[in-house]
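>>> predicted model and sequence below, questions to follow.
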Amino acid sequence: MTTAVGADTARKPATMAQALGRALRDAMAADPSVHVLGEDVGTLGGVFRITDGLAEEFGEDRCTDTPLAEAGILGTAVGMAMYGLRPVVEMQFDAFAYPSFEQLISHVSRMRNRTRGAMPMPITVRVPYGGGIGGVEHHSDSSEIYYMATPGLHVVAPATVADAYGLLRAAIASDDPVIFLEPKRLYWAKADWSADAPEQVPPIGRAVVRRPGSGGRRAATLISYGPSVPVCLEAAEAARSEGWDLEVVDLRSLVPFDDETVCASVRRTGRAVVVHEAAGFGGPGGEIAARVTERCFHHLEAPVLRVAGFDIPYPPPMLERHHLPGVDRVLDAVARLQWEAEWTEGSAVR
C-alpha cells in the first residue's frame, strides 16, 4: 500500500517535493472542491512523484489522469472553476505548457475581469520549470516572463521547502489564477520543516530578505527568486572574503511584486544585481531593474546589473553549466558594480 504523500514530513526533515505533495494533500483534505488533474498525476504520481498517493487517498475523481493535451487540460480547468471547483493543474514540464497559452491568455487571465468580479478563477497551474537537472530542450525552460506579461495572473516561485508548502496552500486558496513555478533542481533540497508552523505560510506578494546586509560603501543587494536564490546566497558568502557585504532578497512572488521590500534593501545598499535563469533580453530582470531604477534612482551608486541565462534556446545538458548563472558570474557583476562606483567617485575628485 502506498503511503500518502508527505504524511510524516511535519516530524522530520523534508524535501521541497515532499512539501509540495503535503500541501496538495492538506488542501484536498480541507476542501472537497480541490481537484488535481494533469498528465500522469494519478497512477504514476507525476514524473517527479509530487502527487504520489493522492489518487489512492482521494480517488481518481479528484486526482485525475488526463490525455496529453495541455490546452484541453486547462480548458477543462476553466469549466471546473466556473462551476465552483478549485482545480490544480500540473503541466508536466515548463515548455509543455505552451499549447495551453490560448486558454490561459484568452480565458483564465481575463474571466474575473470580464465578469466584473462575479466569476472568480481559482485555478492553480503548477509548472516544474528551470534547468540544472540535465534535461533536454523543452524540459528546462524558464518561461516566467510570459506569465508576468499576462495581466490577470499571479506568478510565484518558491526557493525553500517552507515556502513551497505555504505558497502552494495560498495559491490554491486564492480566487485569482496563480501560476506556480516549481524549480526542478530544488525538488530534492532538504530542510527542517513543519507544515503546522503558521509563520511558514507566506502571503502571495511578499518578498523576504534571506541574508541581511549592513549597507556601506562595499554593499549591494542581490535580487532573485526560485532556483537562483541558493546561488545568490552562496555568492554572498563567497563575497565576504573580498570585503563585500551582499544582502539577498528572495522575491517569492513575481506578480504581485513587492516594491516595498526590494526598494528598502536597495536604498540601504545603493547597488543591485538581479539574478535569474531566464534569458536576459526581454527577461524578468529588465522589468525588475526598471522598477528599482524608477523608485531608487537617487539612492543608486551604480546602474542595476543583470546576471541571466544567455539569449538562446536552452542548450544541451553538457552545456547548461555555462548557460545558467553561477557564483562566478554573480561575483563578476558585483565586482563591476564596485568598480563603476569607485571610478565615479575617483573621477569626481579629479
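Received it, and whenever you're ready, just let me know what you need.
>>> all contacts plus neighbour counts: C-alpha atoms, from now on.
Fine.
>>> so Ile123 touches Ala170, yeah?
No. In this structure Ile123 lies outside contact range of Ala170 using CA atoms under 8 Å: 11.7 Å.
>>> between the two, which has more neighbouring residues?
The neighbour comparison of Ile123 against Ala170 (other CA atoms under 10 Å) goes to Ile123, with 30 against 18.
>>> roughly how far apart are the more buried one and Ile73?
Using CA to CA, to the nearest Å, Ile123 is found at 12 Å from Ile73.
>>> pull up the overlap in contacts between the two.
Taking CA atoms under 8 Å, 6 or more residues apart in numbering as the contact rule, Ile123 and Ile73 both touch Val89.
>>> all helices of the stretch 151-300 of the chain, in order?
Ranges of helices in the stretch 151-300 of the chain, per DSSP state H, counting those that start in this stretch, are 161-173, 229-239, 259-269, 284-296.
>>> what residues are up against Glu320?
Going by CA under 8 Å, 6+ apart, Glu320 touches Gly131, Gly132, Gly134, Tyr314.
>>> how about Ile172, nearest residue that isn't a chain neighbour?
With sequence-adjacent residues excluded and distances taken as CA to CA, 6 or more residues apart in numbering, Ile172 is closest to Thr124, at 5.9 Å.
>>> if that neighbour is in a bridge, with which residues?
Going by DSSP bridges, Thr124 is paired in beta bridges with Val88, Val178.
>>> okay but it is in contact with Ile179, surely?
Yes. With contact defined as CA under 8 Å, Thr124 counts as touching Ile179 (6.1 Å).
>>> more crowded one of the two?
Neighbours around Thr124 and Ile179, counted as other CA under 10 Å, are more numerous at Thr124. The numbers are 27 against 23.
>>> confidence score at that one?
The per-residue pLDDT reported for Thr124 equals 98.
>>> could you do Gly215 as well?
pLDDT recorded at Gly215 is 77.
>>> and it, how far from Leu222?
Gly215 is 13 Å from Leu222, by CA to CA.
>>> quick one: secondary structure of Arg22?
Secondary structure, DSSP: H, G, I helix; E, B strand; the rest coil: Arg22 is helix.
>>> so how far is Lys184 from it?
17 Å.
>>> out of those two, name the residue with the larger neighbour count.
Arg22 (27 against 24).
>>> wait, that one sits on Tyr165?
Yes. Judged on CA under 8 Å, Arg22 makes contact with Tyr165 at a distance of 7.2 Å.
>>> ok, back up a step: the residue nearest to Ile172 and Met80: what is the separation?
Thr124 is 12 Å from Met80, by CA to CA.
>>> common neighbours of the two, please.
Common contacts of Thr124 and Met80 (CA under 8 Å, 6+ apart): Arg86, Pro87.
>>> Met28 against Thr51, yeah?
No. In this structure, Met28 is not within contact of Thr51 by CA under 8 Å, at 11.5 Å.
>>> list the contacts of Met318.
By CA under 8 Å, 6+ apart, Met318 lies in contact with Gly134.
>>> for Ala220, that is, sorry about that
By CA under 8 Å, 6+ apart, the contact set of Ala220 is Trp244, Asp245, Leu246, Glu247, Val266, Thr269, Gly270, Arg271, Ala272, Val273, Val334.
>>> how about the strands in the stretch 251-350 of the chain?
Applying DSSP state E, counting those that start in this stretch to the stretch 251-350 of the chain gives strands spanning 253-255, 272-279, 305-309.
>>> how is the chain divided into domains?
Domain assignment of the chain by automatic domain parsing yields the ranges 9-200, 208-349.
>>> now do the last one: distance to the chain's middle.
For domain 208-349, the distance from its own C-alpha centre to the chain's C-alpha centre is 16 Å (CA atoms, centre = their mean, to the nearest Å).
>>> and what of the longest one?
Domain 9-200 sits 12 Å away from the centroid of its parent chain (CA atoms, centre = their mean).
>>> which residue packs closest to Ser174, ignoring adjacent ones?
Closest residue in space to Ser174, ignoring its immediate chain neighbours: Pro122 at 5.9 Å, by CA to CA, 6+ apart.
>>> what's the burial count for that neighbour?
Pro122 - counted by other CA under 10 Å - has 27 other residues nearby.
>>> give the contact list for it.
The neighbours of Pro122, taking CA under 8 Å, 6+ apart as the test, are Ala81, Leu85, Arg86, Pro87, Ile172, Ala173, Ser174, Asp175, Asp176, Pro177, Val178.
>>> ok, now which ones touch the first one?
Taking CA under 8 Å, 6+ apart as the contact definition, Ala81 lies against Pro87, Pro120, Met121, Pro122, Ile123.
>>> how many residues are close by Ser142?
Around Ser142 there are 23 other residues, counting by other CA under 10 Å.
>>> same thing with Val274?
Look at Val274: counted by other CA under 10 Å, it has 24 neighbours.
>>> again with the one 4 residues further on
The number of residues packed near Ala278 is 27, by other CA under 10 Å.
>>> quick one: contacts for it?
Listed by CA under 8 Å, 6+ apart, the contact set of Ala278 reads Asp141, Ser142, Ser143, Glu144, Pro284, Ala308, Gly309, Phe310.
>>> now swap in Glu234 and tell me
Val327.
>>> okay, it and Asp328: tell me how far apart.
Counting by CA to CA, the gap from Glu234 to Asp328 is 10 Å.
>>> low pLDDT regions in this protein?
Scanning the chain for pLDDT under 70 picks out the ranges 1-11, 198-201, 338-350.
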